[in-house]
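S.K.: sequence below, structure please.
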Amino acid sequence: MDPPQLNYIDHNSILIINPKGKMRQLYVPLRVLVIQDTTILKMNTWVIVEEIMPHDQNKLLYRVTAHWWPYHIFRIQIHF
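M.R.: Now for the predicted structure:
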């Protein structure tokens, strides 16, 4: 199954579109799963997104632990 599409709305929310075309707007703070180790974040841990920002190369950045990270190192667990 295709992953949901993520679209930037503003620094406090994103729009998620599931493979069936249903939409949900999610607001920060939101809980995400780390799916790739970083210098600070460890894989399979849950963290809180504090803010969202668009980015030319990475599409979206999430502010977690006062640092900006590309959205693709996280997974949002939502079913709708």
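
S.K.: list the strands paired with the helix or strand harbouring residue 14, with their directions.
M.R.: Per DSSP states H and E, residue 14 falls inside strand 13-17. Sheet pairing of strand 13-17 (DSSP bridges) gives strand 5-10 (antiparallel), strand 23-27 (antiparallel).

S.K.: number of nearby residues for residue 42?
M.R.: Counted by other C-beta atoms under 10 Å, the residues lying close to residue 42 total 10. Using the backbone N, CA and C atoms, a C-beta is placed for each residue, glycine as well.

S.K.: that should have said residue 79, apologies.
M.R.: Neighbourhood size, residue 79 [other C-beta under 10 Å]: 4.

S.K.: pop out the phi and psi values for it.
M.R.: Torsion angles at residue 79 (phi, psi; degrees, to the nearest 10) stand at phi -130, psi 120.

S.K.: who's in contact with residue 58?
M.R.: By C-beta atoms under 8 Å, 6 or more residues apart in numbering, the residues touching residue 58 are 70, 71, 72.

S.K.: what does residue 49 give?
M.R.: Residue 49 touches 28, 29, 30, 31, 32, 62, 63, 64, 74, counting by C-beta under 8 Å, 6+ apart.

S.K.: what do you get for residue 69?
M.R.: 38, 41, 61, 62, 63.

S.K.: let's see it at 7 Å
M.R.: Contacts for residue 69 (C-beta atoms under 7 Å, 6 or more residues apart in numbering) come out as 38, 61, 62.

S.K.: which of the contacts of residue 49 sit farthest apart?
M.R.: Using C-beta to C-beta, the contacts of residue 49 reach their maximum pairwise distance at 31 and 63, which is 14.1 Å.

S.K.: neighbour count: those two, which is higher?
M.R.: residue 63 (16 against 11).

S.K.: residues contacting the spatially most central residue of the chain?
M.R.: By C-alpha atoms, centre = their mean, the chain has its centre lying nearest to residue 71, at 4.9 Å. Neighbouring residues of residue 71 by C-beta under 7 Å, 6+ apart: 6, 58, 59, 60, 61, 62.
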